[in-house]
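Peer 1: Generate a structure from the sequence data that follows.
(chains A, B, C and D)
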There are 2 protein chains.
Amino acid sequence: MNSLFKALNDETRRQIIDLLKERDMNAGEIADEFNISKPSISHHLDILKRADLIIGEKKGQFIVYSLNTTIFEDLLNWILTLKK
Amino acid sequence: MNSLFKALNDETRRQIIDLLKERDMNAGEIADEFNISKPSISHHLDILKRADLIIGEKKGQFIVYSLNTTIFEDLLNWILTLKK
DNA sequence: AAAGTATTTAGATATTTGTCTAAATAACTA
DNA sequence: TAGTTATTTAGACAAATATCTAAATACTTT
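Peer 2: Predicted coordinates:
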């Protein structure tokens, strides 16, 4: 739960999530959407990966990232215990 | 949204939320649940307040804190856009 | 009014975090 | 195999954060 909230606590990472909501993208495509160096984006992707929010799959020369929607269940449940 | 995720990105603050889920408590009662100084807890309460996650109401000498559940709607909606 | 209790504010410090550049790794292409 | 492209790793640094102690503020009680 710690790594999940940590991962979500950054505007750039939330924007990456929003991008992947639309379609799968490789690291370079993601980096092109930001005015941040590729190594920094790589680092953000690593944090999202460690939180199980995204999955990276090697496709030849590229690594294609996609959302792991199942992890959002945990977050959803955590919130729902508060609503009541 | 930024202050919301920031506020949730700390184990102590999430535990405070869990405590307030059970019942309203004043600052001293909350502090007694942790091995952290009162000023530090006060700081955590401030961050939760700024994120609109909790409300503090003066009751004489005490300040009673309670959850502001309406704010969780925002978080809920953010997550739901990802699930589909 | 003085003393005691509850809470916050101020200022300091160590740790964590986001960013960068340079270099390393991995895979394709000519 | 040499060069090019895609991505990550390593190391450095400035900014943000969690914590502490000491002091200030606010209310209550005697």
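Peer 1: Quick one: residues contacting residue A:11.
Peer 2: Residue A:11 makes contacts with residue B:2, as judged by C-beta atoms under 8 Å, 6 or more residues apart in numbering or on different chains. For every residue, glycine as well, the C-beta is placed using N, CA and C.
Peer 1: Now do it against DNA strand D, distance only.
Peer 2: 11 Å (C-beta to the nearest atom of the strand, to the nearest Å).
Peer 1: Point out where chain A drops to low pLDDT.
Peer 2: By pLDDT under 70, the weakly predicted segments of chain A are A:83-84.
Peer 1: Write out the residues of it neighbouring DNA strand D.
Peer 2: Selection of chain A residues close to DNA strand D by C-beta under 7 Å from any atom of the strand yields A:26-29, A:31, A:38-39, A:41-43, A:45-46, A:56, A:61-63.
Peer 1: Mind checking which of the residues you listed land in strands?
Peer 2: In strands, defined here by DSSP state E, the members of those are A:26, A:56, A:62-63.
Peer 1: Closest to residue A:5 out of those residues?
Peer 2: residue A:56 (20.9 Å; C-beta to C-beta).
Peer 1: how about the closest residue to DNA strand C within chain A, phi and psi?
Peer 2: Nearest residue of chain A to DNA strand C, counting by C-beta to the nearest atom of the strand: residue A:60, 2.9 Å away. Phi and psi for residue A:60, reported as degrees, to the nearest 10, are phi 70, psi -120.
Peer 1: Can you get me a residue count around it?
Peer 2: Other residues lying near residue A:60 total 6 when counted by other C-beta atoms under 10 Å in any protein chain shown.
Peer 1: Repeat that for residue A:46.
Peer 2: For residue A:46, the neighbour count with other C-beta under 10 Å is 13.
Peer 1: Just give me the neighbour total for residue A:74.
Peer 2: Residue A:74 has 12 neighbouring residues, counting by other C-beta under 10 Å.
Peer 1: Do stretch A:59-78 and chain B come into contact?
Peer 2: Yes: for stretch A:59-78, a contact with chain B is found by C-beta under 8 Å from any C-beta of the partner chain, at A:67, A:69, A:72, A:75-76.
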